[in-house]
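Colleague: Predicted model and sequence follow; I will ask about them next.
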Amino acid sequence: MRRWNGWGDDQTEAHLPAPTRQLLEDAVGAARPSVADASLADVCAAVEGALHGALRDEDERVHVFTHRSHVYPTGASVHTTFVFRLAADADATLERWRRLKDVASRAIVGERATISHQHGVGTDHAPYLGAEKGALGVRALERLVAAFDGRELLNPGKLVSRAEGAPAPARSPASAARGGVRA
């Protein structure tokens, strides 16, 4: 058995229950969209179906399960977890995770569910922001960032780019060398 972070020795691993030993050889990911009640079943089916088939070309299966994690008057947030086998090396495993995250995210925005929910968009979901918010929504976010963080001190370029025509932030030579912005 491959060891995860060097845990244990052969004797210790032999005493782990089979499901625990299996999880140490697998990787886990998740998707958490918010969904209107009327489309809950469709969104879950689309996300789970996309994940189930994403690694078929590698003859790999993906275990997928979903539960409602937050319930609102107009819908719910669902939490879809996917478990997949580690690839031969870390880079290949990361590429599998990226593929799975991509097909799940595409299914979410394809069903017009929100990809952001309570955790916000973040860098993992930023490529799908335009599909959810539309060009006008992204431009509005860019302008809000420019208005409230004109010097781009708060995670510059992580969610949206600087609004077209907005002045570049002022940088000192030392700050620019470090990749920072002058305060």
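Modeller: In hand now; what should we look at?
Colleague: can you pull the buried residues of the helix or strand that contains Leu136?
Modeller: Here Leu136, judged by DSSP states H and E, is contained in helix 129-148. By 16 or more other Cβ atoms under 10 Å, the buried positions in helix 129-148 come out as Leu129, Glu132, Lys133, Val138, Leu141, Glu142, Val145, Ala146. Where C-beta positions appear, they are placed from N, C-alpha and C, glycine not excepted.
Colleague: Would you point out the most distant pair within those residues?
Modeller: Within the buried residues of helix 129-148, two members stand farthest from each other by Cβ to Cβ: Glu132 and Ala146, at 20.6 Å.
Colleague: could you show me where the strands are in the chain, in order?
Modeller: For the chain, the strands defined by DSSP state E cover 26-31, 34-36, 62-72, 75-85.
Colleague: helices and strands of this protein: which one bottoms out on pLDDT?
Modeller: helix 10-14 (a mean of 46; mean pLDDT, DSSP states H and E).
Colleague: per-residue confidence for Val109?
Modeller: Confidence at Val109, expressed as pLDDT, is 89.
Colleague: from now on call the first residue 46
Modeller: Done: numbering now begins at 46, and the last item shifts to Val154.
Colleague: That one contacts Leu174, doesn't it?
Modeller: No: Val154 is beyond contact range of Leu174, at 9.1 Å (criterion: Cβ atoms under 8 Å).
Colleague: hey, what's in contact with both of these two?
Modeller: Ile160 (Cβ atoms under 8 Å, 6 or more residues apart in numbering).
Colleague: Tell me the spatial nearest neighbour of Ala75, not counting adjacent residues.
Modeller: Nearest non-adjacent residue to Ala75, counting by Cβ to Cβ, 6 or more residues apart in numbering: Thr126, 5.1 Å away.
Colleague: can you pull up the bridge partners for that neighbour?
Modeller: For Thr126, the beta-bridge partners are Ala75, Phe110 (DSSP bridges).
Colleague: Next up, the contacts around it.
Modeller: Contacts for Thr126 were tallied using Cβ under 8 Å, 6+ apart; they are Val73, Gly74, Ala75, Val109, Phe110, Thr111.
Colleague: Could you tell me how many residues sit around the first one?
Modeller: What it means is Val73. Using other Cβ atoms under 10 Å, Val73 has 11 other residues around it.
Colleague: so how many other residues sit close to the nearest residue to it once chain neighbours are set aside?
Modeller: Closest residue to Val73 apart from its sequence neighbours, by Cβ to Cβ, 6+ apart: Val128 at 5.3 Å. Neighbour count for Val128, taken as other Cβ under 10 Å: 15.
Colleague: and what of Leu96?
Modeller: Leu96: 25 neighbours (other Cβ under 10 Å).
Colleague: May I have the predicted confidence score for it?
Modeller: 96.
Colleague: quick one: contacts for it?
Modeller: Residues near Leu96 by Cβ under 8 Å, 6+ apart: Val107, Val109, Thr125, Phe127, Leu145, Val148, Ala149.
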